[in-house]
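K.L.:
Return a 3D structure for these sequence lines:
(one chain, ligands or ions: 3)
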Amino acid sequence: MKCSYCEKESIIFIRRTGKHYCEDHFNQFLLGRVKKYLGKHRIKNKRIMVAVSGGKDSTVMLHVLWQLSEKYNLEIIPFYLDLGIKEYSKPCGKSVREISEMLDLDLIEVSLLDFAGFTIDDVAKKEKKPCRVCGVVKRYIMNRIAFENNFDFVATGHTMIDEAAFAIHNLYSGNIDQFFRTYEITRTEKKRKLVGRIKPLYYLMETETLTYALINRISYCDLECPYAEGHPIQKQKEILLEGEYKFPGFIYNILRSLNKIRKKVPLESSVQVRFCKICGYPTTGDVCNFCKVKMKYSKR
Ligand code: Q46
Ligand code: ZN
Ligand code: ZN
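P.N.:
Ligands and ions are numbered 1, 2, ... in the order given. Sure thing, here's the model as predicted:
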């Protein structure tokens with residue numbers, strides 16, 4: 001089959017666009033989706049801390065942002081958090097170091113054990129699923145390191161299906177506040193010590209990031225976290241993929257409609273700004289969730 005834009009052989013057919021792409025035109029398509037995101041949110045002349053787990057999506061995000069960094073005048077610094085998960089964290093860390101070196105970028109590396117005195121494996125010994133605690137520590141540490149180092153944004157490698165699955169999971173579970181708070185971008189609020197989040201892969205599917213990694217020979221860590229199995233988000237993804245198979249464009253349309261709903265409901269601005277008694281970072285109570293889990297699990 002020929003590419004829909006030139007005479008070369010096609011390497012991928014994207015059902016939601018109805019087009020065939022050769023390697024060059026696929027690269028253009030993928031970069032175009034990221035440019036669309038950066039343009040829509042006017043992300044230019046910024047210092048961005050890029051959270052890289054070593055997996056496919058975040059590694060591709062780092063590579064794409066690096067490619068676009070000159071055009072958008074972005075200062076790109078990769079960030080890796082070693083969660084201390086046996087047989088997973090070490091190879092992932094190695095991948096992040098390799099890509100950072102290849103792109104000649106200085107890497108910020110933090111170990112959860114050094115930062116908080118425990119690992120996710122320690123949590124897993126006490127809790128059936130460590131994911132909730134893992135989410136708390138990742139969010140906190142990313143924000144704190146980015147705030148202390150004066151970054152404008154933290155970039156994460158969430159794709160379209162991650163976002164749609166998360167939104168549907170929140171609706172399904174009744175987490176309405178969380179549903180309304182999660183959007184394509186969150187802005188930096190210096191007074192509240194909050195660094196904004198961006199998701200440059202928001203308009204892309206995982207098959208597309210995989211294709212980009214393959215044709216650009218980007219090596220990444222192919223392991224899955226041992227605690228990922230049975231995560232509710234995985235189930236939501238399966239349902240969405242089934243929909244996408246039957247109706248190309250299904251996931252994008254769902255996400256677009258959910259975003260329209262979000263925009264119609266103004267966010268409550270009455271939430272009082274409070275700071276944790278222990279660490280001084282934002283919280284809704286007296287002590288933030290990170291300090292609570294640290295008190296519970298730290299071996300120090
Ligand atoms: S939350 Fe859970 Fe992930 Fe943390 S413990 Fe592994 S699966 S890494 S995105
Ligand atoms: Zn082509
Ligand atoms: Zn705290």
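
K.L.:
Surely Gln234 and Ala228 touch.
P.N.:
Yes: using C-beta atoms under 8 Å, Gln234 is in contact with Ala228, at 7.2 Å. Every residue, glycine included, has its C-beta placed from N, CA and C.

K.L.:
Walking through the chain, point out its strands one by one.
P.N.:
12-14, 19-21, 47-51, 75-82, 108-111, 153-155, 185-186, 196-198, 274-275, 282-283 (DSSP state E).

K.L.:
Output those in a markdown table; the columns should cover mean neighbour count and distance to ligand 1.
P.N.:
As requested, the strands of the chain are arranged in a markdown table below (neighbours: other C-beta atoms under 10 Å; distance: least, C-beta to the nearest ligand atom, whole Å):
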| stretch | mean neighbour count | distance to ligand 1 |
| --- | --- | --- |
| strand 12-14 | 16 | 26 |
| strand 19-21 | 20 | 29 |
| strand 47-51 | 23 | 11 |
| strand 75-82 | 21 | 10 |
| strand 108-111 | 15 | 15 |
| strand 153-155 | 24 | 15 |
| strand 185-186 | 16 | 19 |
| strand 196-198 | 22 | 15 |
| strand 274-275 | 14 | 26 |
| strand 282-283 | 18 | 21 |
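
K.L.:
Take the ones you listed and lay them out in JSON lines including mean pLDDT.
P.N.:
Below are those laid out as JSON lines (pLDDT from 0 to 100):
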{"stretch": "strand 12-14", "mean pLDDT": "96"}
{"stretch": "strand 19-21", "mean pLDDT": "98"}
{"stretch": "strand 47-51", "mean pLDDT": "98"}
{"stretch": "strand 75-82", "mean pLDDT": "98"}
{"stretch": "strand 108-111", "mean pLDDT": "98"}
{"stretch": "strand 153-155", "mean pLDDT": "98"}
{"stretch": "strand 185-186", "mean pLDDT": "92"}
{"stretch": "strand 196-198", "mean pLDDT": "97"}
{"stretch": "strand 274-275", "mean pLDDT": "94"}
{"stretch": "strand 282-283", "mean pLDDT": "94"}
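
K.L.:
Indicate which one of those is closest to ligand 2.
P.N.:
Minimum separation from ligand 2 across these (C-beta to the ion) falls at strand 19-21, 6.3 Å.

K.L.:
quick one: that closest one near ligand 2?
P.N.:
No: against ligand 2, strand 19-21 shows no contacts by C-beta under 5 Å from the ion, the least distance being 6.3 Å.

K.L.:
Show me what that strand packs onto, helices and strands only.
P.N.:
The helices and strands touching strand 19-21, judged by 3 or more C-beta pairs under 8 Å, 6 or more residues apart in numbering; DSSP states H and E, are strand 12-14.

K.L.:
Which one of the strands of the chain lies nearest to ligand 3?
P.N.:
Nearest to ligand 3, of all the strands of the chain, is strand 282-283, at 6.3 Å by C-beta to the ion.

K.L.:
how distant is that closest one from the center of its chain?
P.N.:
Offset of strand 282-283 from its chain centre (C-alpha atoms, centre = their mean, to the nearest Å): 21 Å.

K.L.:
Now the closest residue to Lys191 other than its chain neighbours. Its backbone dihedrals?
P.N.:
Distances taken as C-beta to C-beta, 6 or more residues apart in numbering place Val273 nearest to Lys191, at 7.2 Å, with adjacent residues excluded. With angles defined as degrees, to the nearest 10, Val273 sits at phi -80, psi 120.

K.L.:
I'd assumed Tyr281 was in contact with Val273.
P.N.:
No: using C-beta under 8 Å, Val273 is not in contact with Tyr281; the gap is 11.4 Å.

K.L.:
Between these two, which has more neighbouring residues?
P.N.:
More crowded of Val273 and Tyr281, by other C-beta atoms under 10 Å: Tyr281, with 17 against 12.

K.L.:
From Leu113, how far off is that one?
P.N.:
Per C-beta to C-beta, to the nearest Å, Tyr281 is found 20 Å from Leu113.

K.L.:
now swap in Thr284 and tell me
P.N.:
Taken as C-beta to C-beta, the span from Thr284 to Leu113 is 27 Å.

K.L.:
between these two, which one's more packed in?
P.N.:
Using other C-beta under 10 Å as the criterion, Thr284 and Leu113 rank with Leu113 on top: 18 against 11.

K.L.:
Let me see the contact set for that one.
P.N.:
Leu113 makes contacts with 82, 84, 119, as judged by C-beta atoms under 8 Å, 6 or more residues apart in numbering.
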